[in-house]
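Chemist: after the sequence you'll find the predicted model.
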Amino acid sequence: MSGSRALIVVDVQPTFCEGGELPVAGGNDVAARIAEFVLGRHADYDVIATTQDWHVDPGAHFAEHPDFVDSWPPHGIVGTSNAELHPVLARVIARTPGVVTVKKGEHAAAYSGFDGVDEAGRPLAQVLTDAGVAAVDVCGIAESHCVKATALDALGLGLSTTVLSDLTVPVTPELGEQARAELAAAGVRARRSDEATDRG
């Protein structure tokens, strides 16, 4: 396939891992696996973009009594260490050249990485367009929410989209099954990270 290839690393932040404000079981393990993948495979990608929930006042997205569908406990709060990249990933990203940092949701709910902008204010879609990206691999937290939303938006932009199935984790197994079915029905592929270079 002609065109460049990108890796989108979605919301790998302590706020979504064990010990965080909105923890997903297996989050810390996934963060470590993603860090190892980026360390060993960054040269396979023309663009690597990380996304972060970066909330200041997202309105009804935060609730004292959340329904865990449209409202959630406060998380990803700007100015806290838990909103930064997971330390194990941050150490790898710090020595990986050309990584694009995308932050989303200062004043609104923002599930998809495509709701965010980079340090220069470019939306993620523009970042990928500027780099001539035609295919994306998506990984991160959580498979059932922000990873799904990001992958569906990538597909909607006409990008060949793959979720790296061993580098993501859902909020619950049931929601993970639902997400994988929805993604497959839409045309998003699922592959293990050790198959990620095979574009066939």
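Modeler: Cool, got the structure. Residues are numbered from 1 along each chain as shown.

Chemist: and Ala31, that one's in a strand?
Modeler: No: according to DSSP: H, G, I helix; E, B strand; the rest coil, Ala31 belongs to no strand; its state is helix.

Chemist: tell me which residues touch the residue nearest to it when sequence neighbours are not counted, please.
Modeler: Distances taken as C-beta to C-beta, 6 or more residues apart in numbering put His86 closest to Ala31, at 4.1 Å, once the chain neighbours are dropped. No exception for glycine: its C-beta is placed from N, CA and C like everyone else's. Contact analysis of His86 by C-beta atoms under 8 Å, 6 or more residues apart in numbering lists Val12, Gln13, Pro14, Cys17, Asn28, Ala31, Ala35.

Chemist: so which of the residues you listed sit within helices?
Modeler: Using DSSP state H, Asn28, Ala31, Ala35 are the members of the contacts of His86 that sit in helices.

Chemist: need the nearest residue in space to the first one, chain neighbours excluded.
Modeler: For Asn28, ignoring the flanking residues on the chain, the nearest one in space by C-beta to C-beta, 6+ apart is Cys17 at 4.7 Å.

Chemist: contacting residues around the one you found?
Modeler: The contact partners of Cys17, by C-beta under 8 Å, 6+ apart, come to Pro23, Val24, Gly27, Asn28, Ala31, His86, Ile141.
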